[in-house]
Every structure is written in structure tokens, then in C-alpha cells.
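Asks: Any chance you can model this:
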Amino acid sequence: MTSALELRQVSKVYGSGPTEVHALCEVDLSVERGELVAIMGPSGSGKSTLLTIAGSLEQATSGHVLVDGVELAGLSRSERARMRRRSIGYVFQDFNLLAGLTAVENVSLPLELDGVGAKAARATGLEAMEQLDVADQADRYADELSGGQRQRVAITRAVVGERGLLLADEPTGALDSVNGEAVMRLLRGATRRGIAGVVVTHEAQLASWADRVVFLRDGRVVDQTVAPPGPESLLAAR
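Replies: Numbers count the residues shown, from 1 in each chain. You can find the predicted model right below:
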């Protein structure tokens with residue numbers, strides 16, 4: 001079975017000579033559909049670089065990055081952009097919603113950019129918003145929403161359509177603990193529907209929602225463990 005995401009011996013070097021920085025060093029990582037993986041590590045360990053390379057927002061210096069079995073290095077710039085629209089959803093820490101669009105317009109925009117008609121894109125967007133309990137905010141603008149609502153809309157935009165890979169960079173960083181756990185519950189719910197999820201977080205309590213935790217230090221994977229039973233598992237056991 002093809003992994004949703006596979007990194008093989010991936011390295012990333014910025015600069016050259018005395019200013020050279022090795023952000024990632026021969027990283028191996030495989031994520032399956034239906035799996036939620038948390039990436040943890042100190043500041044500067046390469047967490048965000050790993051995510052941007054996995055999402056094709058930047059290219060590795062060496063190694064291989066495959067999404068659904070397709071090697072990103074073999075794609076043209078336009079083909080990589082198409083893959084991001086169709087296969088990869090990205091949740092940014094600062095939400096990255098467009099202020100001039102309503103919530104549902106933000107959600108359906110990737111579909112429209114990929115050629116889906118406006119009416120069909122809105123219908124698909126609304127369906128995705130209903131799954132994340134934010135459909136009642138569809139026609140409100142981003143600056144009219146609370147932080148938690150904006151994050152739900154951002155996650156909805158990331159999973160809309162047939163995307164199989166969800167990448168989230170500190171998605172709870174701007175939220176309080178209650179909304180932070182709500183976001184992790186949403187990410188966990190997305191993987192239950194067959195999406196592969198990778199989330200960067202510095203909070204161990206939130207990482208416990210994941211199936212597996214990967215630890216980075218100085219650009220290298222130094223450990224990875226099956227996450228201990230998280231809040232969701234504990235509630236189910238009662």
C-alpha cells in the first residue's frame with residue numbers, strides 16, 4: 001500500500017560556507033492514511049522545514065519526497081501547485097484566511113482554482129464545514145469570526161475535496177487550551193475519515209492525540225514513539 005507521505009533521506013541546507021545551516025539531515029518519515037503523526041522538538045530543530053518540504057512549499061536539497069507515491073522532485077512548478085490544491089492541505093499557525101472573502105469562500109477557493117464551478121465548490125465547501133460544525137458561520141467574513149472559528153475554517157479549507165494529506169504547523173499556537181484541544185479533536189476526526197495528518201506542536205498534551213510522536217533535534221530524527229493514550233482514548237475507555 002502506498003504511503004500518503006514518505007520522506008527518504010531528506011536533507012535541507014540553507015546558505016553556503018560559514019553561513020551554511022543544515023536544517024534537516026537525512027530524515028526518514030512515512031505516514032499512512034488514517035494516521036496522525038505529531039512532530040516535536042526544540043526551536044530550530046527543523047520541524048517547520050520538514051512540514052514545508054512535505055507540503056512542496058520548498059524543495060529538499062537531497063533525498064526523496066513522495067506524496068501518494070508521486071515524487072515531488074519530478075514535478076514541474078505548475079504540477080506541484082496542482083498537487084497542493086488537490087492532494088495536500090496546509091494549516092498555518094496564523095490561519096492565513098483571506099479577509100475579503102467569507103468563510104465558505106475561503107474554504108471553496110482551492111476547488112475553484114482547480115476548475116470546479118463556483119456553485120459546486122460552494123456546495124462541497126458547505127458540506128465540509130458541516131462536518132466540522134462551522135457551517136453556521138459560512139457567510140461571515142474572517143475578521144468577524146473568533147479565533148477558534150477561524151481555525152476551524154482553516155482546517156476545513158485544508159481538508160476540503162479529496163485531499164489525502166493534512167499538514168498543520170503549530171495549529172493551536174494562537175489558541176487557549178480548550179480551543180487547542182478542540183483543534184486536535186478536529187484533526188483526529190479528519191484522520192478517521194482516511195486522511196493522513198502531520199502536526200507540528202510543542203505541547204506534549206496535544207501531541208498525545210496523535211498515533212505516533214516523532215522527535216527532531218538539530219535536523220535529525222532522534223526518536224519516535226507510539227503516543228500514550230490521549231484524552232480521546234481515555235474518554236472512550238470510560
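
Asks: Val13 should be in a strand, yeah?
Replies: Yes. With DSSP: H, G, I helix; E, B strand; the rest coil as the criterion, Val13 is located in a strand.

Asks: Is it correct that it is in contact with Cys25?
Replies: No. Proximity of Val13 to Cys25 does not meet the contact threshold set by C-beta atoms under 8 Å, at 9.0 Å. All C-beta spots, glycine's among them, are computed from the backbone N, C-alpha and C.

Asks: Tell me the buried residues in the one helix or strand Gln205 maps to?
Replies: Secondary structure assignment for Gln205, by DSSP states H and E: helix 204-207. Of the residues in helix 204-207, those buried by neighbour count under the rule 16 or more other C-beta atoms under 10 Å are Leu206, Ala207.

Asks: cool, stretch 147-158 as well?
Replies: Gly148, Gln149, Arg150, Gln151, Arg152, Val153, Ala154, Ile155, Thr156, Arg157, Ala158.

Asks: average pLDDT for it?
Replies: Mean per-residue pLDDT for stretch 147-158: 88.

Asks: quick check: longest helix of this structure.
Replies: For the chain, the helix with the greatest residue count under DSSP state H is helix 177-192.

Asks: so after it, what's the next helix or strand?
Replies: Heading C-terminal from helix 177-192, the first helix or strand you meet, by DSSP H and E, is strand 196-200.

Asks: okay, stretch 91-105 in PDB with CA atoms only?
Replies: Listed in PDB are the C-alpha atoms of stretch 91-105, where the atom choice follows Å, rounded to 0.1, in the frame of the first residue of the first chain:
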ATOM      1  CA  VAL A  91      -3.000  24.700   8.200                       C
ATOM      2  CA  PHE A  92      -0.900  27.700   9.200                       C
ATOM      3  CA  GLN A  93      -0.500  29.000  12.700                       C
ATOM      4  CA  ASP A  94      -1.800  32.400  11.800                       C
ATOM      5  CA  PHE A  95      -4.800  30.900   9.900                       C
ATOM      6  CA  ASN A  96      -3.900  32.600   6.600                       C
ATOM      7  CA  LEU A  97      -7.600  33.200   5.700                       C
ATOM      8  CA  LEU A  98      -8.300  35.900   3.100                       C
ATOM      9  CA  ALA A  99     -10.000  38.800   4.800                       C
ATOM     10  CA  GLY A 100     -12.000  39.900   1.800                       C
ATOM     11  CA  LEU A 101     -13.700  36.500   1.500                       C
ATOM     12  CA  THR A 102     -16.400  34.900   3.600                       C
ATOM     13  CA  ALA A 103     -15.700  31.700   5.400                       C
ATOM     14  CA  VAL A 104     -17.200  29.500   2.800                       C
ATOM     15  CA  GLU A 105     -15.500  31.400   0.000                       C
END
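
Asks: what separates it from the chain centre, distance-wise?
Replies: Here the centre of mass of C-alpha atoms in stretch 91-105, compared against the chain's by C-alpha atoms, centre = their mean, to the nearest Å, lies 15 Å away.

Asks: Give me the contacts around it.
Replies: Applying C-beta atoms under 8 Å, 6 or more residues apart in numbering, the external contacts of stretch 91-105 come out as 106, 109, 122, 125-126, 129, 134, 137-143, 145, 149-151, 153-155, 157-158, 166-171, 173-174.
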